[in-house]
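K.L.:
need coordinates for the below:
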Amino acid sequence: MEQKLLIVDDEPHIRMLIEQTLEELEDEDVTFLTADNGEDALEIIKKEKPQLVFLDVMMPKMNGMEVCRRVKKELVLDDVYIVLLTAKGQELDRQKGSEVGANVYMTKPFDPEAILSKAKSVLGL
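P.N.:
A predicted model of the protein is given here:
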């Protein structure tokens, strides 16, 4: 069964880093989707229903918190697993992340192994 994974970050090098970290998943029939702002991310999520989203918090057009809130609270897509990525490790952000429905919160710079193992467990690989 084909699975979809969406990587959302306004910084191209971070999107590339996450893709490289997860590239072995392509052998497992996982399709990679990317977006560089929150608005596009929301459209892709609505259309493609990815199983897993790595979502940056600080982005143009719509931030990650708002994207997450809309996906979880308005569209009620509970089967879309959202990992919020942020440079801020403050407790307040974590709390906000939980409030908008994020499944997990990871701080940048992130550990590639943690990202890969999280993706594998969410996608059941």
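K.L.:
switch to C-alpha atoms for all contacts and neighbour counts from now on
P.N.:
OK.
K.L.:
distance-wise, check residue 102 relative to residue 9.
P.N.:
According to CA to CA, to the nearest Å, residue 102 stands 16 Å off from residue 9.
K.L.:
next helix or strand past the host helix or strand of residue 66?
P.N.:
Assigned by DSSP states H and E, residue 66 belongs to helix 64-69. Note on helix 64-69: by DSSP H and E, the next helix or strand toward the C-terminus is strand 81-86.
K.L.:
nearest spatial neighbour of residue 22, skipping sequence neighbours?
P.N.:
Among residues not flanking residue 22 along the chain, residue 116 sits closest, at 5.8 Å (CA to CA, 6 or more residues apart in numbering).
K.L.:
pLDDT value on that neighbour, please?
P.N.:
Reported pLDDT at residue 116 in the predicted model: 96.
K.L.:
for the residue nearest the centre of the chain, phi and psi?
P.N.:
By CA atoms, centre = their mean, the chain has its centre lying nearest to residue 54, at 1.7 Å. Torsion angles at residue 54 (phi, psi; degrees, to the nearest 10) stand at phi -100, psi 110.
K.L.:
residues in contact with it?
P.N.:
For residue 54, the contact set (CA atoms under 8 Å, 6 or more residues apart in numbering) comprises 5-8, 82-85.
K.L.:
for those, which one is nearest residue 110?
P.N.:
Nearest to residue 110 among the contacts of residue 54, counting by CA to CA, is residue 85 at 8.3 Å.
K.L.:
partners of the closest one in the sheet?
P.N.:
Judged by DSSP bridges, the bridge partners of residue 85 are residue 56, residue 106.
K.L.:
tell me, how many residues neighbour it?
P.N.:
A total of 23 residues lie near residue 85 under the criterion other CA atoms under 10 Å.
K.L.:
next one, pLDDT for it please.
P.N.:
91.
K.L.:
residues in contact with it?
P.N.:
Contacts of residue 85 (CA under 8 Å, 6+ apart): 54-57, 105-108.
K.L.:
and it, how far is that from residue 6?
P.N.:
The value you get for residue 85 to residue 6, if CA to CA is used, is 13 Å.
K.L.:
equivalent analysis for residue 25, please.
P.N.:
13 Å.
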